[in-house]
Each structure stands twice: as C-alpha cells, then as structure tokens.
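Trainee: Sequence and predicted structure, then a few things I'm wondering about:
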Amino acid sequence: MELGVTKRTILAAVYLLVQAALLVTASSRPDGVFAFRMFNESSTLSIDLFRRVRQGDGSLAVVPTNGTWQARDANGVVHTVRWSDRIQDPILGTLGRQVHAAYGVDAQLFRLQGALDDVVRSTPDDHETMALLARVDVVRNGHERFEKLLESARP
C-alpha cells in the first residue's frame, strides 16, 4: 500500500495522539493499563466466596462456598457448579488464602467484579443463586488493611 507524504504524516500524527491519550488517561483506569509504575505494589488479598440464595420460605440467605456448590436448574435437576470452571486466573481462582495482588489491588478488585458477573451470567444450571458475593480481605502495601464486599449483578 503506497501512501503519499501527507497521508503518512496524518497517520503518524493520529498514532501519536492515540498513544498520548492512552498515557494521559492511564491513571484513571482501574487496571492502570499503559501506566508506568517503577515498583510493583506489594499488596495481598484473600477472597471468600458466598452465594445469595432464596430459601424454601422465600427469605434470602447468604451461604458460604469454597468454590464448588450444588444447585438446581429450572427443571429441579441438581448440578455441581465450580468457580474454577469459568475463572482460570491464578489470583482470582484462589479462594480462602492470601495471594499477591498482581497489578495492584484496584485492578484485582475490578477483575473480580467482572468474574462474579461472568459466573452468574454463564451458569444456566443454577437457578437457585440470586447473586454471588465476595468478601475480600486486602492488605495494601503491607500497611493498610481493609475489607471490600463485592456483589455480582443479577443473573
């Protein structure tokens, strides 16, 4: 493909503007894509997974899970559902123990929210789970400790 000098100049200018925009807006994205960080965060997190289910009397209950649970489909047939069937990430797939928050806490919480939403939407054999919840124990850079609660969107 032969481009003239003017078209090559325009293409180069657009490319540089897009790159500059990515760099300038990097800190506003939760995963910090295109942001330069000289040192990695030394933060850790521990994820505990729960299900919100409707009980026989119609009330809602929060039930802990270790990543595997039994649930009924629309026809009442019981199926085994596994968190690890959908979530292959070694950080988000590790439940109940502390792991390094690669790419930072904000990025991992953003990805965990997406994972919760994905599992709820992508599990047609589970008509009992109203929502998935994650309780995340976070230690940011070895100092600040806090707990974050995340809830999936409705299925």
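Mentor: Received it, and whenever you're ready, just let me know what you need.
Trainee: Quick check: bridge partners of Phe50?
Mentor: Pro64, Leu133 (DSSP bridges).
Trainee: Next, count neighbours for it.
Mentor: When counting by other CB atoms under 10 Å, one arrives at 18 neighbours for Phe50. Bear in mind the C-beta positions are built from the backbone N, C-alpha and C, glycine included.
Trainee: thinking it is in contact with Thr65, fair?
Mentor: Yes. When contacts are counted by CB atoms under 8 Å, Phe50 is listed as touching Thr65 (6.4 Å).
Trainee: if you average pLDDT over stretch 46-57, what comes out?
Mentor: Averaging pLDDT along stretch 46-57 gives 92.
Trainee: so what's Gly93 up against?
Mentor: With contacts defined as CB atoms under 8 Å, 6 or more residues apart in numbering, Gly93 is in contact with 67, 83-84, 87.
Trainee: ok, now how distant is it from Trp83?
Mentor: In this view, Gly93 and Trp83 are 7 Å apart by CB to CB, to the nearest Å.
Trainee: any shared contact partners between those two?
Mentor: With CB under 8 Å, 6+ apart, Gly93 and Trp83 have common neighbours Gly67.
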